[in-house]
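> Provided below are the primary sequence and the corresponding predicted coordinates.
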Amino acid sequence: MKNVIRLCTAAILLSFGAASASSLELGLTRAVKKRARTVSDAVRRQRVTPRILWQKCVPDEGTQCDVWSMNLDGSNPVNLTPGTDASFDFDPQWSPDHSKIVFSSTRGGNPDIYTMNADGSDIAHLTLDAGFESWASFSPDGSKIVFSRAVAGQGQLFVMNRDGSNPVRLHTGPGADEEPAYSPDGSKIIFGNDSTGRYQLYTMNADGSSIVQLTTGAYENRYPSWSPDGQKIVFGSDRTGNTELFVMNADGTGAVQLTSTPGAINSDPAWSSDGSKIIFPSARDGNAEIYVMERDGSNETRLTSNSVFDAGPFAW
């Protein structure tokens, strides 16, 4: 940039003299720097513009699943993991800066954890363990990934560096662990566990200590998602006889039902980045499609219309 300005200044010197050139050089410098900041801001906004991630399976939960992204209004869907093989690519989640996606895949034969760029390029194989690995999610600072790994046939929670190194087991208690996710401040992890005979929701510190049970009852409580401010948790429960979505306080109190569609499963909810909306899949219209609603459950809007199976978990 400086060389360009100096070339301009040299030409001005010949025509207007040194004093005028010096003033104009200062003006050019400010203008170019302002333009650079404008371009940089535009690039940054483009990079972090949120898109919805989800998994699409053909046929219904059948022989192939791919990771897709689309705009927040459901437009411009893009297959990020296209292929003709019968592999499953599933459980996609964004990195905090939306530059990377972590997901599970059977492309190597065993369900392992992978990452890729936001456009589906540069796929990296992170884990090579023989156990089924899924439900991977980044820490808020992007340095860690928490996930579930099958140990002796049951999912257990692990955390590793974002490059797949140094996996550490977080939970050694009874039952199968699933669906871990960091709280927005990174201090806690929420997860599901079926040690009581039904999946219930728990939190623990990020190092695996201080486990607290949030839900109870003779019914399933699953699919937890933190609100961006960490004050609320949206989740799925069959406490009404049908799997519906509920929201509760972060300590497990004050559960409120959001959806009511008897006979149709509502699952895998996720908050928008500003906390105003919740996205989820539902088979209420005869096929699993993606819907979005306000955080209080109002204004449910269908985003997809496909003959295939659209499913979560979601990230946006």
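Arrived safely, thanks for sending.

> ok, residue 157 touching residue 193?
No - the pair residue 157 and residue 193 does not pass the contact test of Cβ atoms under 8 Å, sitting 9.1 Å apart. Where C-beta positions appear, they are placed from N, C-alpha and C, glycine not excepted.

> Could you count how many residues lie near residue 107?
By other Cβ atoms under 10 Å, 18 other residues sit near residue 107.

> which residues sit in contact with the closest residue to it other than its chain neighbours?
Once flanking residues are discounted, residue 107 sits nearest to residue 87: 4.3 Å by Cβ to Cβ, 6 or more residues apart in numbering. Residue 87 sits next to 64, 65, 105, 106, 107 when contact means Cβ atoms under 8 Å, 6 or more residues apart in numbering.

> related to what we said a few turns ago, quickly list what's touching both of residue 157 and residue 193.
With Cβ under 8 Å, 6+ apart as the test, residue 157 and residue 193 both reach 171, 177.

> give the contact list for residue 304.
Residue 304 sits next to 70, 74, 77, 289, 290, 310 when contact means Cβ under 8 Å, 6+ apart.

> so which one among the residues you listed has the lowest pLDDT?
Minimum pLDDT for these is recorded at residue 310 (82).

> which residues does it bridge with?
residue 56 (DSSP bridges).

> From residue 57, how far off is it?
From residue 310 over to residue 57 the distance is 8 Å, taken as Cβ to Cβ, to the nearest Å.

> and those two? which has more neighbours close in?
Comparing residue 310 with residue 57 by other Cβ under 10 Å, the one with more neighbours is residue 310, at 23 against 19.

> Let me see the contact set for that one.
54, 55, 56, 281, 288, 289, 290, 304.

> how does it look with 7 Å?
54, 56, 281, 288, 289, 290, 304 (Cβ atoms under 7 Å, 6 or more residues apart in numbering).

> Please tell me I have it right and the first one contacts residue 312.
Yes - Residue 54 lies in contact with residue 312 (Cβ atoms under 7 Å); the separation is 6.1 Å.

> Which of the two has more residues huddled nearby?
residue 54 (26 against 23).

> Residue 262 and residue 242 touch, don't they?
Yes - using Cβ under 7 Å, residue 262 is in contact with residue 242, at 5.2 Å.

> Which of the contacts of residue 87 are buried? Put it as a PyMOL command.
In PyMOL, this line selects whichever of the contacts of residue 87 come out buried by 16 or more other Cβ atoms under 10 Å:
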select buried, resi 64+65+105+106+107
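
> Going by distance to residue 218, which of the contacts of residue 87 wins?
Nearest to residue 218, judged by Cβ to Cβ, of the contacts of residue 87 is residue 65 at 32.0 Å.

> And the closest one, how close does it get to residue 276?
29 Å.

> What of residue 252?
23 Å.

> So these two - more neighbours on which side?
Legend: neighbour count by other Cβ under 10 Å for residue 252 and residue 276, higher for residue 252 (18 against 11).

> On the three-state scheme, the more buried one is what?
State at residue 252, reduced to three classes by DSSP: H, G, I helix; E, B strand; the rest coil: coil.

> Next one, pLDDT for it please.
98.

> what residues are up against it?
Contacts of residue 252 (Cβ under 7 Å, 6+ apart): 214, 215.

> give me the element the spatially closest residue to residue 299 that is not a sequence neighbour is part of.
Spatial nearest neighbour of residue 299, chain neighbours left out: residue 293 (5.9 Å); criterion: Cβ to Cβ, 6+ apart. Applying DSSP states H and E as the criterion places residue 293 in strand 289-294.

> Mind listing residues that contact that strand?
Under the contact criterion Cβ under 7 Å, 6+ apart, strand 289-294 has outside partners 54, 276-282, 299-306, 310.

> picking up where we left off before, switch the contacts of residue 304 over to JSON lines; also include distance to residue 173.
Compiled in JSON lines, these are given as follows (distance: Cβ to Cβ, whole Å):
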{"residue": "70", "distance to residue 173": "38"}
{"residue": "74", "distance to residue 173": "40"}
{"residue": "77", "distance to residue 173": "40"}
{"residue": "289", "distance to residue 173": "37"}
{"residue": "290", "distance to residue 173": "34"}
{"residue": "310", "distance to residue 173": "34"}
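
> who has more neighbours, residue 262 and residue 242?
residue 242 (15 against 9).

> Residue 233 reaches residue 223, doesn't it?
No - the criterion here is Cβ under 7 Å, and residue 233 misses it with residue 223 at 10.1 Å.

> any idea how far residue 199 is from residue 275?
Here residue 275 is placed at a distance of 25 Å from residue 199 (Cβ to Cβ).

> Among these two, which residue is more densely surrounded?
residue 199 (24 against 16).
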